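Engineer: take this sequence and fold it.
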Amino acid sequence: MHDHIHQELYASIATLDQLKKMYDLGAVDIRSFQRESDALVSEVKGHLDEMRRMGIDVGGFMAQQRILDEFPDAAGLIEFYQNRARPVLDGYTMDEYYDHLGLAVLDVATTHSAKGLMGLADLIVEVVNRVPQFKSVSYNDVIEAVNRVAENGLIPGIRTLRGGVKVVELRPLELRGDQSDVVNLAATKGYTSVEEVMMELKWSEDHARQVLSSLVDAGMAVADIRFSTGGRYYFPGLHHKASDKEDHHEILDRRRNNRESRPAHGL
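Structural biologist: This next block holds a predicted model:
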């Protein structure tokens, strides 16, 4: 009997951990994640309560099975759900709380507006860093604030690129169809190349270079035309790590140099 409960608990925690990883990768939308994670956390709590009623040492089981080490994302979610009744508002009303988060969202959007797009996870981290007065801000709170700001027409809002990558559109991009195709192609890695565009989109070399150059002119891409990289075009708004071997500051410096060396113009 004990083995059966242990197996069910282990399976629920493992499934919850995998769900969180899929959500972080953008493969699960926020509504599905909330619904499924609620159900899984309820399952986990039910198993733990049953184990306690049976006199099983829950803490000993969790330590013996190394649950926290094996499934850190699930462990964090379980703790989060246990403490998430309301955010710590420190005297603010709920509307005032989301107003402050909304101002932080706008601050981040203004700071990074030149990128056009920003990864949702990166934006959440920056928003949380801008509101130290609140002791506990969840990713769902920030997403709610982004949605409220978007509903007021201040930013376009959250957008899902091909492949499930979630980004926040910081300004109206008005991308042409071929430009959108390239942005979608670069979404998962944060960069692409002339060769990849030609291969994946079945374009000529001239067309691939023209579209990539137009994205550089728009401030969304950074050209790194070097033999060692194969001629990559980086999209700083899509990924916070340009590549495993490239230094991010170097990429940003090249981006600034690109902007300073060309005449100012709009999209």
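
Engineer: separation between G237 and V137?
Structural biologist: Distance, G237 to V137, by C-beta to C-beta, to the nearest Å: 22 Å. Where you see a C-beta, it was placed from the backbone N, CA and C, and this is true even at glycine.

Engineer: go on, L25?
Structural biologist: Applying C-beta to C-beta to L25 and V137 gives a distance of 22 Å.

Engineer: for G59, same thing?
Structural biologist: 29 Å.

Engineer: and S37, by the same measure?
Structural biologist: Separation of S37 from V137 (C-beta to C-beta): 18 Å.

Engineer: same check, this time on E196
Structural biologist: E196 is 38 Å from V137, by C-beta to C-beta.

Engineer: looking at those two, which is more packed in?
Structural biologist: Higher neighbour count among E196 and V137: V137, with 23 against 19, using other C-beta atoms under 10 Å.

Engineer: got a list of what the more buried one touches?
Structural biologist: P87, L101, V127, V128, V131 (C-beta atoms under 8 Å, 6 or more residues apart in numbering).

Engineer: check what pLDDT the first one gets.
Structural biologist: With respect to pLDDT, P87 scores 56.

Engineer: state the helix or strand in which the residue nearest the centre of the chain lies.
Structural biologist: Closest to where the C-alpha atoms of the chain average out (C-alpha atoms, centre = their mean) is A121, at 2.7 Å. With elements taken from DSSP states H and E, the one containing A121 is helix 120-129.

Engineer: check R52 too.
Structural biologist: helix 30-53.

Engineer: that helix packs against which elements?
Structural biologist: helix 2-24, helix 58-64, helix 72-82, helix 139-151 (3 or more C-beta pairs under 8 Å, 6 or more residues apart in numbering; DSSP states H and E).

Engineer: need the helices for the stretch 101-250 of the chain, in chain order.
Structural biologist: Under the criterion DSSP state H, counting those that start in this stretch, the stretch 101-250 of the chain carries helices at the ranges 120-129, 139-151, 177-186, 194-201, 205-217, 248-260.

Engineer: S42: which of those helices is closest?
Structural biologist: Among those, helix 139-151 comes nearest to S42, with 17.0 Å by C-beta to C-beta.

Engineer: okay, now the unreliable bits of this structure?
Structural biologist: 1-2, 63, 68-69, 76, 79-90, 163-164, 173, 225-230, 239-267 (pLDDT under 70).

Engineer: coming back round to it: what about the nearest residue to the residue nearest to the centre of the chain once chain neighbours are set aside, distance to L77?
Structural biologist: Leaving aside its sequence neighbours, A121 sits nearest to D24 (C-beta to C-beta, 6 or more residues apart in numbering; 6.7 Å). Separation of D24 from L77 (C-beta to C-beta) stands at 11 Å.

Engineer: the more surrounded of these two?
Structural biologist: Counting neighbours by other C-beta under 10 Å for D24 and for L77 shows that L77 has the greater number, 22 against 15.

Engineer: I figured E126 was touching V108, is that so?
Structural biologist: Yes - proximity of E126 to V108 meets the contact threshold set by C-beta atoms under 8 Å, at 4.7 Å.

Engineer: domain ranges for the protein, per the record?
Structural biologist: Residue ranges for the domains of the chain, per automatic domain parsing: 2-82, 94-160, 174-260.
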